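Chemist: Build me a model:
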Amino acid sequence: MEVFEHDLEHLFQQLGLSSDAADIRKFIEEHGLSDDDNLLTATFWTTSQRQFLDEAKSQDADWAEQIDILDTLLRKG
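Modeler: Predicted coordinates:
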């Protein structure tokens, strides 16, 4: 049985982004969301990133919790 890590660093890897802690902080600082913004329609995602996030959320996949955490962090950044 394979065990997959579902943490913020691995979410960034799934999105094709650097998963280094400093790079994650930088991404969050540079890509904040307002209360009116929707994470899934944010302009900084590529089509494939948006599709991954949308599918993971709609299927309540293992990534859903980390996506919610990222959403919260982007609003506080």
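Chemist: C-alpha from now on. contacts and neighbour counts both.
Modeler: OK.
Chemist: contacting residues for Ile24?
Modeler: For Ile24, the contacting residues are Glu9, Phe12, Ser18, by C-alpha atoms under 8 Å, 6 or more residues apart in numbering.
Chemist: In a markdown table: the residues you listed, plus pLDDT.
Modeler: Shown next, in a markdown table, are the contacts of Ile24 (pLDDT from 0 to 100):
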| residue | pLDDT |
| --- | --- |
| Glu9 | 96 |
| Phe12 | 97 |
| Ser18 | 97 |
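Chemist: For the protein, just list every one of the helices.
Modeler: With DSSP state H as the criterion, the chain has helices at 8-14, 21-30, 47-58, 64-76.
Chemist: most surrounded residue in the contacts of Ile24?
Modeler: If you count neighbours using other C-alpha atoms under 10 Å, the busiest of the contacts of Ile24 is Phe12, which has 19 neighbours.
Chemist: close enough to count as contact, that residue and Arg25?
Modeler: No: judged on C-alpha atoms under 8 Å, Phe12 makes no contact with Arg25 at a distance of 11.4 Å.
Chemist: circling back to that earlier point, any idea which of the contacts of Ile24 is closest to Leu53?
Modeler: Closest approach to Leu53 among the contacts of Ile24 (C-alpha to C-alpha): Phe12, at 11.0 Å.
Chemist: Now do the nearest residue to the closest one once chain neighbours are set aside against Leu11, distance only.
Modeler: With sequence-adjacent residues excluded and distances taken as C-alpha to C-alpha, 6 or more residues apart in numbering, Phe12 is closest to Ser19, at 5.3 Å. With distances taken as C-alpha to C-alpha, to the nearest Å, Ser19 is found 8 Å from Leu11.
Chemist: which one of those two has more residues nearby?
Modeler: Leu11 (20 against 17).
Chemist: Show the contacting residues for the more buried one.
Modeler: Counting by C-alpha under 8 Å, 6+ apart, Leu11 touches Trp63, Gln66, Ile67.
Chemist: In a markdown table: those, plus neighbour count, distance to Glu29 and pLDDT.
Modeler: Below are those laid out as a markdown table (neighbours: other C-alpha atoms under 10 Å; distance: C-alpha to C-alpha, whole Å; pLDDT from 0 to 100):
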| residue | neighbour count | distance to Glu29 | pLDDT |
| --- | --- | --- | --- |
| Trp63 | 22 | 22 | 92 |
| Gln66 | 18 | 17 | 95 |
| Ile67 | 22 | 16 | 96 |
